[in-house]
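Visitor: Provide a 3D model corresponding to the input given below.
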Amino acid sequence: MRKIQELPARHKSAFVIIIIALFCSSCSQRFAVTLNDQTLYDPRVNAGEQRFADAGLQGCVNFALQQPDTTVETLKVLACPGWEIEELDGIAALAALQFLDLSDNRISSLAPLQPLRNLSSVSILNNRVTDIAPLLSMVTLTSATLTGNDNIQCAQLDVLSSKLGQNLRRPANCRD
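Guide: Here you go, the predicted model:
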């Protein structure tokens, strides 16, 4: 076994982080240790249940899972405004999801929402969404906020508006 002084700098940092994590594991506060977006230590309940490629979505889901008696299978409300989320891949694992707030992120595709059969309300305020086709086929959807996404096709918004009526908050502009 090499001495710590002989390790490359990046390995020294990882080694120090791991030692600190192990030392603090007896602390009363729960915490996670990551290195280059890879979790090294995370004692929080449910933290390892589901992994998402998007770090913002992962952080938001981890935060939501800290609620007592909440699991990936039972999570019904997810509020992720301003988490810098770009991709929603993997969100279908949250099958019980009913209310979803993705406001003020960088999301362009809603396709990963398609399998969410219980979703009734979405807020996708101020994102980069241009296609809302996945929302059009959701039979459980009762309300949607899409303001701040000015490149959605007007025809798609009209179809969703006929379904949701006043429960649709349309963007100020749309494209033909």
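Visitor: now what about stretch 123-133, what contacts it?
Guide: Applying C-beta atoms under 8 Å, 6 or more residues apart in numbering, the external contacts of stretch 123-133 come out as 81, 100-110, 144-149, 151-153, 156-157, 160, 169. All C-beta spots, glycine's among them, are computed from the backbone N, C-alpha and C.
Visitor: what helix or strand is residue 138 on?
Guide: Remark: residue 138 resides in no helix or strand, with elements defined by DSSP states H and E.
Visitor: Tell me how many other residues surround it.
Guide: Residue 138 has 19 neighbours, counted by other C-beta atoms under 10 Å.
Visitor: Next: residue 110.
Guide: For residue 110, the neighbour count with other C-beta under 10 Å is 22.
Visitor: The residue nearest to residue 113 when sequence neighbours are not counted sits in which helix or strand?
Guide: Closest residue in space to residue 113, ignoring its immediate chain neighbours: residue 134 at 5.1 Å, by C-beta to C-beta, 6 or more residues apart in numbering. Assigned by DSSP H and E, residue 134 falls within helix 133-136.
Visitor: Direction included, what does the next helix or strand after that helix pair against?
Guide: For helix 133-136, the following helix or strand on the C-terminal side (DSSP H and E) is strand 143-145. Partners of strand 143-145 in the sheet, by DSSP bridges, are strand 121-123 (parallel), strand 168-169 (parallel).
Visitor: Can you redo those strands as a markdown table, where the extra columns are mean pLDDT?
Guide: Shown next, in a markdown table, are the strands paired with strand 143-145 (pLDDT from 0 to 100):
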| stretch | mean pLDDT |
| --- | --- |
| strand 121-123 | 98 |
| strand 168-169 | 98 |
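Visitor: Run a quick neighbour tally on residue 168.
Guide: Neighbour tally, residue 168, other C-beta under 10 Å: 19.
Visitor: do the same with the one 4 residues further on
Guide: For residue 172, the tally of surrounding residues (other C-beta under 10 Å) stands at 8.
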